[in-house]
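Visitor: Take this sequence and fold it.
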Amino acid sequence: MVVIARFSFPHEAQIAKASLDCAGIASYIADEHTVNTQWLYSNAMGGVRLMVAEDDAEEAIQILNSDFSQSVDHELVTESVKDVCPHCGSADLFAFTKGKRPAFLVFLLLGFPLFFYQHGYKCHRCGKFSQKL
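Guide: Purely as a prediction, here's the structure:
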């Protein structure tokens, strides 16, 4: 097995390992528990090492260096276009919490919270609140 990447923290190595697992490449994380126990030693030890078989090293490095952000951005854009205001049909919505200010005021006056607010969306065009889309 050869080291293809080094990470300062174990969770970063786990994310990279999950990417390789999805591609069908077997991998091993070395020194994960040592760094979890004594995280100050991480740099001195060379960090958490992600290892794969020599035959898979080139493909694994290529997968780890790939950028999939454009495909994620495209999915987010297509999902947000589906959300429209039920009152006017506008897609210009923003997250809004109805009743947040009165709940905060009650908390300041009484000293304990009364949770009577609602999470939802508000339309920029018509200004109406809706809980579900």
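
Visitor: Give me the below-cutoff pLDDT ranges for the chain.
Guide: 69, 71-82, 115, 132-133 (pLDDT under 70).

Visitor: can you pull out the strands in it?
Guide: 2-7, 27-30, 48-52, 93-98, 118-123, 129-130 (DSSP state E).

Visitor: Run through who's touching the second one.
Guide: Strand 27-30 has contacts (C-beta atoms under 8 Å, 6 or more residues apart in numbering) with 1, 3, 10, 13-14, 17, 20-21, 48-52, 60. No exception for glycine: its C-beta is placed from N, CA and C like everyone else's.

Visitor: Mark which of those are buried, thanks.
Guide: Using 16 or more other C-beta atoms under 10 Å as the burial test, those include 10, 13, 17, 20, 48-52, 60 as buried.

Visitor: just these now: which is nearest residue 111?
Guide: Set against residue 111, the nearest of these by C-beta to C-beta is residue 10 (42.2 Å).

Visitor: Number of residues surrounding the residue nearest to that closest one when sequence neighbours are not counted?
Guide: Excluding the flanking residues, the one nearest residue 10 by C-beta to C-beta, 6 or more residues apart in numbering is residue 32, at 4.6 Å. By the criterion of other C-beta atoms under 10 Å, residue 32 has 19 neighbours.

Visitor: Then residue 87?
Guide: 13.

Visitor: And for residue 42?
Guide: 19.

Visitor: gap between the residue nearest to it when sequence neighbours are not counted and residue 43?
Guide: Nearest residue to residue 42, sequence neighbours excluded (C-beta to C-beta, 6+ apart): residue 35, at 4.8 Å. Separation of residue 35 from residue 43 (C-beta to C-beta, to the nearest Å) stands at 10 Å.

Visitor: Looking at these two, which is more packed in?
Guide: Taking other C-beta under 10 Å, residue 35 and residue 43 do not tie; residue 35 has more neighbours (24 against 11).

Visitor: Thanks a lot, catch you later.
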